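[1] Quick one: sequence and predicted model below, then my questions.
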Amino acid sequence: MAKKAAKSGGAAASRRTDEAEEARLARLAADAMRKQRAGERLNRIDTRAIAAFEAFQRSKFGKDYLSAIPKADVSAFTGRQSKVLLEFAARYGLPYDRHEPTVDGRAWFAFTADLLAAKGRMLAGPGSEEDAILQLASGPLKDELVRKLIEKNEIANERARIELRKAQESYAPVDSMVAYLNELTGLVIQLSESMGRRDAITGAEAQDELADLAAQFGVVAQSMFGNGSSSPEQIDAD
């Protein structure tokens, strides 16, 4: 009995020693990490404190620690409170479950690697700012961004359709243009024949004849196309 009691007491003392050592290492590592997040230069003691704490955790939990990192440690490592990490999880798909007391470190590292790879592709290749945001976003945020992008494209397409309809309404039908050109050709022929029958014509008379011809062109255009935007001058300009 005495041996069992001594053995039990020794195990309890060993556990207390381990717990005290873990608390000491955690305290030193936390202080060093705070300095690191603040951008301060770490001295040799700080670097050793972080390394010692990580080594202690690995020796205590092994691979289990990576698969179930306490959320308090995640907050300490990242410098972000739980509510901020939950927001990141909702917006970007960060593997941080509200209902779990721990975080799967392997999933966290995989997510980070995928995120960096996606960001690298965005920086390397051409793409719009919207494309970049869509690649980074996930979950409800991505759904909302996609919905807004679709709405934006639909509005742009509708505006384009309206502008096209307006332009089409101002176009003169091909048959009307052919008839108009035939009318003009007939007027030119008439003037040519009229002037050809004269023995002589002064410059002033020629100017008057051409002015009359231009006026007739306008009368024909107005009778066929009206006063809208489909006048021959605007059609030619287009």
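    It's in. Values in this document were obtained by computation on a predicted structure and should not be read as measured data.
[2] what about the helices in the protein?
    Secondary structure of the chain (DSSP state H): helices at 2-37, 44-61, 63-67, 71-78, 82-92, 105-124, 129-136, 139-170, 174-196, 203-225, 232-237.
[3] Show me what the fifth one is packed up against.
    Okay, so that is helix 82-92. Applying 3 or more CB pairs under 8 Å, 6 or more residues apart in numbering; DSSP states H and E, one finds that helix 82-92 contacts helix 71-78, helix 139-170. The way it works is simple: take the backbone N, C-alpha and C, and place the C-beta from them, glycine included.
[4] in that helix, what counts as buried?
    Going by neighbour count (16 or more other CB atoms under 10 Å), the buried part of helix 82-92 is L85, A89.
[5] Using PDB, write down the CA coordinates of that helix.
    Extracted in PDB, the C-alpha atoms of helix 82-92 (Å, rounded to 0.1, in the frame of the first residue of the first chain):
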ATOM      1  CA  SER A  82     -12.800  34.800 -31.500                       C
ATOM      2  CA  LYS A  83     -15.600  37.100 -32.900                       C
ATOM      3  CA  VAL A  84     -13.200  38.400 -35.600                       C
ATOM      4  CA  LEU A  85     -12.200  34.800 -36.600                       C
ATOM      5  CA  LEU A  86     -15.900  33.900 -36.700                       C
ATOM      6  CA  GLU A  87     -16.500  36.800 -39.000                       C
ATOM      7  CA  PHE A  88     -13.700  35.600 -41.200                       C
ATOM      8  CA  ALA A  89     -15.200  32.100 -41.200                       C
ATOM      9  CA  ALA A  90     -18.600  33.500 -42.400                       C
ATOM     10  CA  ARG A  91     -17.100  35.700 -45.000                       C
ATOM     11  CA  TYR A  92     -14.200  33.800 -46.400                       C
END
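[6] quick revisit: output the helices of the chain as JSON lines; include the columns mean pLDDT.
    JSON lines is the format used below for these (pLDDT from 0 to 100):
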{"stretch": "helix 2-37", "mean pLDDT": "73"}
{"stretch": "helix 44-61", "mean pLDDT": "83"}
{"stretch": "helix 63-67", "mean pLDDT": "77"}
{"stretch": "helix 71-78", "mean pLDDT": "87"}
{"stretch": "helix 82-92", "mean pLDDT": "89"}
{"stretch": "helix 105-124", "mean pLDDT": "78"}
{"stretch": "helix 129-136", "mean pLDDT": "61"}
{"stretch": "helix 139-170", "mean pLDDT": "74"}
{"stretch": "helix 174-196", "mean pLDDT": "72"}
{"stretch": "helix 203-225", "mean pLDDT": "75"}
{"stretch": "helix 232-237", "mean pLDDT": "45"}
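[7] Please identify which of these is closest to R98.
    With distances scored as CB to CB, the stretch of these nearest to R98 is helix 82-92 (5.8 Å).
[8] how big is the angle separating that closest one from helix 105-124?
    Using axes from the mean of the first three to the mean of the last three CA atoms, to 10 degrees, one finds that helix 82-92 and helix 105-124 are set 50 degrees apart in direction.
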